[in-house]
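J.: Just the structure for this:
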Amino acid sequence: MPSIRRLLVVAIAILAPTIRAAESTSDMPDIEHGKATFNTMCSVCHSVQEKGGPVEGPNLLGLVGREAASQPDFAKYSPALKTSNFIWSVETLDRFLVNPMMMVPGTLMPMLISDDKTRADVIAYLATLKQ
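T.: Residues are numbered from 1 along each chain as shown. You can find the predicted model right below:
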């Protein structure tokens, strides 16, 4: 019996780091999933290209770190977003995308991403887009 216990302890010692690594990576945002979700849900209105793309919403290239309603080439911001006075951070985007109209009553942004993991993935993708 002691040899079976010893074998079990060795097996746990060998597998524990692998199991822990799998758990920790599942908590990490999936940028590729975020990009795919963005392309499906968001790219109808928003562009992330230097030039061109949809014009219904502001260009989101370089969004993280930018002041809300400050994209110079976009003239359709709602008065509510213009007076919101916040910076688009990961945290702000997370709160906003849960329910844009609740966070900024009067915003014209109709889409929300209620799933925490999907929202984190989209935000992680947006954070990679630098000007």
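J.: Tell me the helix or strand right after the one helix or strand in the chain whose mean pLDDT sits lowest.
T.: Using mean pLDDT, DSSP states H and E, helix 2-26 stands out as the lowest-scoring helix or strand of the chain, at a mean of 47. Proceeding C-terminally, helix 2-26 gives way to helix 31-37 as the next helix or strand, assigned by DSSP states H and E.
J.: Give me the packing partners of that following helix, helices and strands only.
T.: Applying 3 or more CB pairs under 8 Å, 6 or more residues apart in numbering; DSSP states H and E, one finds that helix 31-37 contacts helix 116-128. For every residue, glycine as well, the C-beta is placed using N, CA and C.
J.: Can you show me the CA trace of the helix it packs on as PDB?
T.: Extracted in PDB, the C-alpha atoms of helix 116-128 (Å, rounded to 0.1, in the frame of the first residue of the first chain):
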ATOM      1  CA  ASP A 116     -17.700  38.400 -19.000                       C
ATOM      2  CA  LYS A 117     -15.200  36.200 -20.900                       C
ATOM      3  CA  THR A 118     -16.200  37.400 -24.400                       C
ATOM      4  CA  ARG A 119     -16.100  41.000 -23.200                       C
ATOM      5  CA  ALA A 120     -12.600  40.500 -21.800                       C
ATOM      6  CA  ASP A 121     -11.500  39.000 -25.000                       C
ATOM      7  CA  VAL A 122     -12.800  41.900 -27.100                       C
ATOM      8  CA  ILE A 123     -11.200  44.500 -24.800                       C
ATOM      9  CA  ALA A 124      -7.900  42.600 -24.900                       C
ATOM     10  CA  TYR A 125      -8.100  42.700 -28.700                       C
ATOM     11  CA  LEU A 126      -8.800  46.400 -28.700                       C
ATOM     12  CA  ALA A 127      -5.900  47.000 -26.300                       C
ATOM     13  CA  THR A 128      -3.500  45.600 -28.900                       C
END
